[in-house]
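A.B. asks: fold the following for me, if possible:
(one chain, ligands or ions: 2)
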Amino acid sequence: MAVIVAHRGAPRRAPENTMEAFRLAVEAGADAIELDVHLTADGQLAVIHDESLDRTTDRTGPIASQTMDEIRQADAGATFARDDDSGFPFAGQGLAVPTLPEVLDWLPESMGLVIEIKARAAADAVVEAVAGHHVLTSGRLAVISFDESSIERIRELNRDIKTGYLLVPTQPIHPAMVWATEHGHVGVFPWEGDLGMDPLPLIAEASAFGREIGCYVVNDPEQMRHLDACGLWGFVTDVPDVARDALGR
Ligand code: G3P
Ligand code: CA
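C.D. replies: Ligands and ions are numbered 1, 2, ... in the order given. Below you'll find the predicted structure:
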């Protein structure tokens, strides 16, 4: 059964990477939450996708040059607009950029967590933040990155943390699988389009290498059912509620 990973929470329902988006992902029946982390100027872990506040908040400037207190003053609901053009329903509602410890404190015991390291500098703090947490001890945590040195650093610090290698679109999967295997990373996560019409050979290859293979970002219910039937480990989706229905859970 494919693992349903909610991409930045439930980003069609609430502003991405906010506690509200994470809460709605749980409500939608996701198996795991995916989120992005950056390191702040005072060494804290901000849960945000971009390297600056510009796109998703009412403030500007790089995460790396601001303290978490400064970042917390930004309205993380300011720019989210609903598809039906009903304005900005979360603006001024008190949504802030979460910290990773805040998410970990809240995370329900049954939920998995996929932490994507966006800045290599965040790796050490991530290892410290998850140490001893139930999501790690229960085997429901994975730390992933497009940046090889970030996941290498995670394994250098704590070999109990499962790590995955994210591939950029069109990046060849076979050499990535070989590299991940040689370096002890549990899985590879290509872009959905790179799986092709028939993902079975790749899934078989991953199995032969003893790796997991997932992909990002799958929003089409038919494709979800297809990947599930093929035995894919899991997929990242913007629509965990659609995924839940599509897989008949
Ligand atoms: O989980 C993979 C996916 O999140 C990677 O892309 O840009 O959404 O962080 P991005
Ligand atoms: Ca991500």
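
A.B. asks: from here on, contacts and neighbour counts on C-alpha atoms
C.D. replies: Fine.

A.B. asks: who does the strand ranked longest in the chain pair up with?
C.D. replies: Criterion DSSP state E: the longest strand present in the chain is strand 32-39. With DSSP bridges as the criterion, the sheet partners recorded for strand 32-39 are strand 3-7 (parallel), strand 45-47 (antiparallel), strand 112-117 (parallel).

A.B. asks: list of residues touching that strand?
C.D. replies: Outside of strand 32-39, the residues within contact range by C-alpha atoms under 8 Å, 6 or more residues apart in numbering are 3-9, 17, 22, 25, 45-49, 51, 63-64, 100, 111-119, 121-122, 236.

A.B. asks: which of the strands paired with strand 32-39 sits closest to ligand 1?
C.D. replies: Evaluated with C-alpha to the nearest ligand atom, the strands paired with strand 32-39 place strand 3-7 nearest to ligand 1, the distance being 6.0 Å.

A.B. asks: and for the helix or strand that comes right after the closest one, what's in contact with it?
C.D. replies: On the C-terminal side of strand 3-7, the closest following helix or strand by DSSP states H and E is helix 19-28. Residues from elsewhere that reach helix 19-28 (C-alpha under 8 Å, 6+ apart): 6, 8-11, 13-15, 33, 95, 98, 103, 111, 240-241, 244.

A.B. asks: please repeat the previous calculation with a cut-off of 7 Å.
C.D. replies: Contacts made with helix 19-28 from outside it, assessed by C-alpha atoms under 7 Å, 6 or more residues apart in numbering, are listed as Ala6, Gly9, Ala10, Pro11, Arg13, Ala14, Pro15, Ile33, Pro98, Pro240, Asp241.

A.B. asks: what do you get for stretch 43-59?
C.D. replies: Applying C-alpha under 7 Å, 6+ apart, the set of residues contacting stretch 43-59 from outside is 17, 35-40, 60-63, 68, 74-79, 97-100, 122.

A.B. asks: contacts only, for whatever residue of the chain ends up closest to ligand 1.
C.D. replies: Checking the chain residue by residue against ligand 1 with C-alpha to the nearest ligand atom singles out Tyr216 as nearest, at 5.3 Å. When the contact criterion is C-alpha under 7 Å, 6+ apart, the partners of Tyr216 are Pro190, Trp191, Glu192, Phe235, Val236, Thr237.

A.B. asks: just put the residues you listed in CSV and tack on pLDDT and neighbour count.
C.D. replies: Below are those laid out as CSV (pLDDT from 0 to 100; neighbours: other C-alpha atoms under 10 Å):
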residue, pLDDT, neighbour count
Pro190, 98, 25
Trp191, 98, 21
Glu192, 97, 19
Phe235, 98, 26
Val236, 98, 27
Thr237, 98, 27
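
A.B. asks: ok, and which of those residues reach ligand 1?
C.D. replies: Of the entries in the contacts of Tyr216, those that also sit close to ligand 1 under the rule C-alpha under 6 Å from any ligand atom are Val236.

A.B. asks: and the spatially most central residue of the chain, bridged to which residues?
C.D. replies: The chain has Glu34 as the residue nearest its centroid, 2.5 Å off, counting by C-alpha atoms, centre = their mean. Per DSSP bridges, the residues bridged to Glu34 are His7, Val114.

A.B. asks: distance check, it against Thr60.
C.D. replies: Taking C-alpha to C-alpha, to the nearest Å as the measure, Glu34 and Thr60 are separated by 24 Å.
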